[in-house]
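> need a 3D model of the sequence below.
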Amino acid sequence: MSSAPVEDPTRASVASDIKASDTKEAATPDPIDTIEFTEKEERRLRLKFDLCLLPPLVIMYLCNALDKGNVGNAKTSGWDKAIGLTGNQYYILVMVFYVPFCLSGTPISLLVKRYSAARVLPCMMIGFGSMSLFTGIANSFSSLFAIRWFLGIFESAMLPGTVFYLSTFYKRTELASRVGLFYAAASISGAFSGLIAYGVFKNLSHEKHLPAAYLFWIEGAATVAFAFFALLWLPLSSQTWWLLSEREKDIASKRILTDSSTTMNEKLDIRKAFSAFKNPMYWVWAVGNIGFGVPLASVNNFLPQIVTSLGYTTVKTNLLTVAPNIVGTVALLLLTFSSDYFRERSIHICIALATGITGFIVLGAIDPVAHRHVAYFACFLLTMGAFAPSVLFAAWYSNNTPSENQRAVVAAVMVALANSAGLISTNVFRAKDEPKYVPALATSAAFGGLCLIVVASLGIWMRRENARRNREQGVNWKAQDVETRFLAEGPVNPSFRYMY
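Numbers count the residues shown, from 1 in each chain. Next comes the predicted model:
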């Protein structure tokens, strides 16, 4: 005997109230209203997404992060000096990645909206995997500069494209945890990269090739190989996926129209897509993205160098980067799953930011060699605080942007701004400040503090604004009580409630 159809009395009442305000809609029943399903059916569909959609995306982002950050591990083996880099040239190579990365994310994300992430992202993956292969044979600053430039272009749309793609399969209250699982690949990549580098540097050597070359070739070849699998496996949308029955496609449609989007497979409209930025709230989010972007870039790009300041050998330094990355990944998953469970974003972001800021302050205030254990503990605080804000921010602005057009562009612009902060981070990590990097640590902490203030302020404002709307309308609605298909106007619609 099947269970009763899933029906939220509050949501049903809200939907009825909104429809009653539009006589035309009231006279013409929406076909989506005729679709009913049980909790067991929804749970089974969600599990199918989790098992068949998330794993390949996680592996894709793991490859993305490995190919971007492997120069950090290579540097610990003396690769930069072996190929003739001098002065700040290594830091310039890290920095130049972010210029095309920030400029290319939005136009490529529009291609993702037009042609689907299932086709665009694997093609980009072939590109950045090839750049890693080329890095293994490059032997001059100029050739590496060009490679890092194209690497930035190919990797630019991976995060915003995937966030948008997942938002077309998962409800708002499921998004943060799924993006968290996806993003965990990036945070755990530091551990994988450290282990791979440890194995390569210890066991692979050749008189004609540097040990770091093998690192680039192994990671690049794996990336290109998996890209071809992803191109064949990922579905364009839930409505065209051969793995779903017609019944499951109907359930998937109602789920998204109830708690994610105003319409499905919305035709690309560039003018409408950018209209979201007429709302000042998105500019506040923009400042916040730059704020958390600096400490995130510092940890992603320079954790091996920070651990090097503890005075250990090259091999042990790479091994010691593993544990902080694993703990940071666990913290990321705990915060994102908790955020979805409690349907709350801002407080969870503040917890992560405060943790990271503490780590930067501790590292900058002590002598890392004299207090190795304290300094190493601070590295754990860095990873615990740096990874989660990126995911929670992405879920936060996506949850409050019901239009697919706007959501695709907003994700691209926000991720570009967060990554533009990498330009700040790479410019404050200077060779003359080695090995402690005190100015860089102080700058990272300051930008984290700025983000903390922005997030706390916006979270308080959203709570007060929801309360004001409820008070004026004589209701007690929350974000999940209003179906997103009725919210085409976004926050200007009186029925809209912010997910804070």
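> can you pull the contacts of the closest residue to residue 459 other than its chain neighbours?
Nearest non-adjacent residue to residue 459, counting by C-beta to C-beta, 6 or more residues apart in numbering: residue 346, 2.8 Å away. In this view, the C-beta of every residue, glycine as well, is placed from N, C-alpha and C. By C-beta atoms under 8 Å, 6 or more residues apart in numbering, the contact set of residue 346 is 396, 455-456, 458-459, 462, 500.
> now do residue 346 against residue 56, distance only.
31 Å (C-beta to C-beta, to the nearest Å).
> what's the answer for residue 62, then?
11 Å.
> could I get the full set of helices for the stretch 151-300 of the chain?
Remark: helices assigned in the stretch 151-300 of the chain by DSSP state H, counting those that start in this stretch are 158-167, 172-203, 211-233, 246-259, 270-274, 280-308.
> and those helices, which one's lowest on average pLDDT?
Comparing mean pLDDT across the helices of the stretch 151-300 of the chain, the weakest is helix 172-203, with a mean of 81.
> how far does that helix sit from the chain's center?
Distance, stretch centre to chain centre, for helix 172-203: 12 Å (C-alpha atoms, centre = their mean, to the nearest Å).
> just to revisit the earlier point, closest to residue 477 out of the helices of the stretch 151-300 of the chain?
helix 246-259 (13.6 Å; C-beta to C-beta).
> okay, buried residues for the closest one please.
Neighbour-count burial for helix 246-259, with 16 or more other C-beta atoms under 10 Å as criterion, is recorded at 248, 250-259.
> stretch 469-481 - what's its average pLDDT?
According to the model, stretch 469-481 has a mean pLDDT of 93.
> now swap in stretch 103-123 and tell me
Here the average pLDDT along stretch 103-123 is 92.
> name the residues that touch it?
With C-beta under 8 Å, 6+ apart, stretch 103-123 has contacts from 60, 124, 152-153, 156-158, 160-162, 164-165, 227-228, 230-231, 234-237, 268, 270, 273, 404-405, 408-409, 411-413, 415-416, 419.
> return the residues in contact with the residue nearest to residue 436 when sequence neighbours are not counted.
Once flanking residues are discounted, residue 436 sits nearest to residue 309: 5.7 Å by C-beta to C-beta, 6+ apart. Shown in contact with residue 309 (C-beta under 8 Å, 6+ apart): 368-369, 375, 434-437.
> next step: the residues you listed restricted to helices.
The helices, defined by DSSP state H, take in residue 375 from these.
> could you find the closest non-adjacent residue to residue 238?
Closest to residue 238 by C-beta to C-beta, 6+ apart is residue 252, at 3.9 Å.
> touching, the one you found and residue 169? I think so.
Yes: contact criterion C-beta atoms under 8 Å: residue 252 and residue 169 qualify, at 7.1 Å.
> list residues touching both of these two?
residue 238.
> ok so, going back, for the helices of the stretch 151-300 of the chain, which one ends up most surrounded?
Comparing the helices of the stretch 151-300 of the chain by mean neighbour count (mean count of other C-beta atoms under 10 Å), helix 158-167 ranks first with a mean of 27.
> that one vs helix 246-259, what angle?
110 degrees (axes from the mean of the first three to the mean of the last three C-alpha atoms, to 10 degrees).
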